[in-house]
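Asker: Requesting a structural model of the entry that follows:
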Amino acid sequence: MKLGNIGLAGLSLIGLGLALTACAPPWRGPPDYDSIFDQDRLIEFNITISDENWLKLIVDPKEYVEADLTVDGVLYPAVGLRLMGTKRKLKRNMRIRFNEFIADQRFFGVKRINLRNNDDDPTQVREALALELFERAKLPACLSSYVWVTKNGMDGSVYTLVEQVDKKFLERNFGEDWGNLYKIERGGDLVYQGDAITEYPFLFESRYEKKTNEIQSDYGDLINLMKTLALKDQAEFEESIQAILDIEQVLRALAVNTWLANLDAYQGTVDNLFLYQAAGGHFKYSPWDLNLAFGNYHGGSCHYTTDELLALSPMQPTCDGPRPLVTSLLSVGAFRQIYENHLQELIDGPLHPDAVLNEIERMRQLIKDRVVEDELTEFSSDEFDLSFSSDLPAGDNPVRIPGLEPFVLARDRAIREYLESSR
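Answerer: Below is the predicted model of the structure:
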């Protein structure tokens, strides 16, 4: 049939049909994580946003604005987009909320995803690699993969796609979602200062952000954890803490984070930690924001040199200041033995240099061709190539970025020497 015989009504119906086939239908089933986090390629994301809405984000990055998202040719219209992280960066962290403007819209079953910018990481694999190592250690951690992101068809850049820590995450990791989930923000040291949140010197809710059951403003479970961590009687502490903290899980997570020399976390900056009180009342640990793992945090909260991070002691894996979730646990001989057992099992298994170096190479091969095309990265292609095998800059700069391969070998050596000396 010729177009001239269709008429305006027919053209409208065709246009509507094309629009519907280009859009993703509402997702009715459980999340399809394999489709979201494809491990074998970089999924293509294009964000279409008006200049007006982009300016709104620059002025107020915490507010969602409307944008269209196309993923591998499939249109998700009117998603919510917001910016996150350091404002001075050209390449910004982003969060996409699929149901912000269309209530039943989902992305393979999830409402939100995070596009992480691999800030200050010349390899661009630190975040995804650290999350993968937590996952291999059988610990609750976000799923991730790599994506190629453009804005209005331009400014192509490699991002790490990271799962949102929300009720879907809780269901996947703990088989439930009704417990209290807390995000520990900068300064949330878990130091007990009283039973009432008004007894804490800063806004309690800003350091211990409740992510579920927000309407119920009672923080009694978290304060009870702090109170228990502060107990001075060793026998009382050992008995009480086991009733409210998953000791095995938390010590294993601390072991992985210590191997990573990741001090942009509770152990250093006292943030980037989720605590979830699961069924039975036991708190569990989940990491967040791992782009500065592998010995690459040199901020004001810690003053370790790169050499000190490479040799970070498993028994002193924190910065200055109280870190009771670490120090109180490691002060108990039985808990310390559990921690050391986890370290030994990890370095002989998922954190063995051969296993880690193979995963590093897999990730490097996956992204290397697109890194050359990356228009927003702060590092050159030469620096990307060097950063896997060599420190940047070369030499003895006290805050140089460790090359991933020498870091892995150095941490393996440091942990093995500690465990040998502790026998």
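
Asker: For the rest of this, base every contact and every neighbour count on C-alpha atoms.
Answerer: OK.

Asker: Isn't Asn152 up against Asp51?
Answerer: No. Look at Asn152 against Asp51 with C-alpha atoms under 8 Å: they stay out of range, at 10.0 Å.

Asker: Looking at the two, which is more packed in?
Answerer: Shown here are Asn152 and Asp51; by other C-alpha atoms under 10 Å, Asn152 has more neighbours (14 against 9).

Asker: Next up, the contacts around the more buried one.
Answerer: By C-alpha atoms under 8 Å, 6 or more residues apart in numbering, the residues touching Asn152 are 46-49.

Asker: Over to Lys56?
Answerer: So Lys56 contacts Val65 (C-alpha under 8 Å, 6+ apart).

Asker: So what's the gap between the host helix or strand of it and the chain middle?
Answerer: Assessed by DSSP states H and E, Lys56 sits inside helix 51-59. How far helix 51-59 lies from its chain's middle: 26 Å, per C-alpha atoms, centre = their mean, to the nearest Å.

Asker: Report the mean confidence score over that helix.
Answerer: When pLDDT is averaged over helix 51-59, the result is 95.

Asker: how much does the next helix-or-strand element following that helix deviate in direction from helix 51-59?
Answerer: Counting by DSSP H and E, the next helix or strand C-terminal to helix 51-59 is strand 65-71. Strand 65-71 and helix 51-59 are oriented at 110 degrees to each other (axes from the mean of the first three to the mean of the last three C-alpha atoms, to 10 degrees).

Asker: Return the list of helices and strands in contact with the helix or strand just after strand 65-71.
Answerer: Tracing the chain C-terminally past strand 65-71 and defining elements by DSSP H and E, one meets strand 74-84 next. Applying 3 or more C-alpha pairs under 8 Å, 6 or more residues apart in numbering; DSSP states H and E, one finds that strand 74-84 contacts helix 51-59, strand 65-71, strand 93-97.

Asker: Model confidence for the nearest residue to Met363 once chain neighbours are set aside, exactly?
Answerer: Among residues not flanking Met363 along the chain, Val125 sits closest, at 6.8 Å (C-alpha to C-alpha, 6 or more residues apart in numbering). Note on Val125: pLDDT of 98.

Asker: now Leu357
Answerer: With respect to pLDDT, Leu357 scores 98.

Asker: can you check the one 3 residues further on too?
Answerer: The score at Ile360 is 98. That number is its pLDDT.

Asker: Could I get the phi/psi values of it?
Answerer: The phi and psi values for Ile360, taken as degrees, to the nearest 10, are phi -60, psi -50.

Asker: circling back to that earlier point, out of the contacts of Asn152, the closest to Glu375 would be?
Answerer: Asn46 (14.4 Å; C-alpha to C-alpha).

Asker: Need the three-state assignment for that closest one.
Answerer: strand (DSSP: H, G, I helix; E, B strand; the rest coil).

Asker: residues near it, how many?
Answerer: 20.

Asker: check contacts around it.
Answerer: 69-71, 149-153.

Asker: Report the beta-bridge partners for it.
Answerer: Bridge pairing for Asn46 (DSSP bridges) gives the partners Thr70, Thr150.

Asker: so which of the helices and strands packed on strand 74-84 comes closest to Leu161?
Answerer: Using C-alpha to C-alpha, those put strand 93-97 closest to Leu161, at 9.7 Å.

Asker: contacting residues around stretch 70-81?
Answerer: Under the contact criterion C-alpha under 8 Å, 6+ apart, stretch 70-81 has outside partners 22-24, 43-47, 64-69, 94-102, 105.

Asker: Filter the residues you listed down to the buried ones.
Answerer: Among these, those classed as buried by 16 or more other C-alpha atoms under 10 Å are 24, 43-47, 64-69, 94-101, 105.

Asker: can you pull out the strands in this protein?
Answerer: 43-48, 65-71, 74-84, 93-97, 112-116, 144-151, 154-163, 181-184, 208-210, 273-277, 283-287 (DSSP state E).

Asker: which stretch among the ones you listed comes nearest Glu132?
Answerer: strand 144-151 (7.9 Å).

Asker: That closest one vs strand 65-71, what angle?
Answerer: 110 degrees.

Asker: Run the angle between strand 144-151 and strand 112-116 for me.
Answerer: Computed by the same axes, to 10 degrees, the angle separating strand 144-151 from strand 112-116 equals 80 degrees.

Asker: now strand 144-151 and strand 154-163, what's the angle there?
Answerer: Angle, strand 144-151 to strand 154-163, by the same axes, to 10 degrees: 150 degrees.

Asker: Can you pull out the residues in contact with stretch 391-400?
Answerer: Contacts for stretch 391-400 (C-alpha under 8 Å, 6+ apart): 296, 298, 305-307, 383, 386, 401-403.

Asker: Sitting in helices, which of the residues you listed do you find?
Answerer: 306-307, 383, 386 (DSSP state H).

Asker: of all the residues you listed, which two lie farthest apart?
Answerer: Using C-alpha to C-alpha, the pair of the ones in helices among the contacts of stretch 391-400 lying farthest apart is Asp307 and Glu383, separated by 20.3 Å.

Asker: Just put the contacts of Asn46 in JSON lines and tack on distance to Ala196 and pLDDT.
Answerer: Conversion of the contacts of Asn46 to JSON lines gives the following (distance: C-alpha to C-alpha, whole Å; pLDDT from 0 to 100):
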{"residue": "Leu69", "distance to Ala196": "45", "pLDDT": "98"}
{"residue": "Thr70", "distance to Ala196": "48", "pLDDT": "98"}
{"residue": "Val71", "distance to Ala196": "47", "pLDDT": "97"}
{"residue": "Val149", "distance to Ala196": "45", "pLDDT": "98"}
{"residue": "Thr150", "distance to Ala196": "47", "pLDDT": "97"}
{"residue": "Lys151", "distance to Ala196": "47", "pLDDT": "96"}
{"residue": "Asn152", "distance to Ala196": "49", "pLDDT": "97"}
{"residue": "Gly153", "distance to Ala196": "52", "pLDDT": "94"}
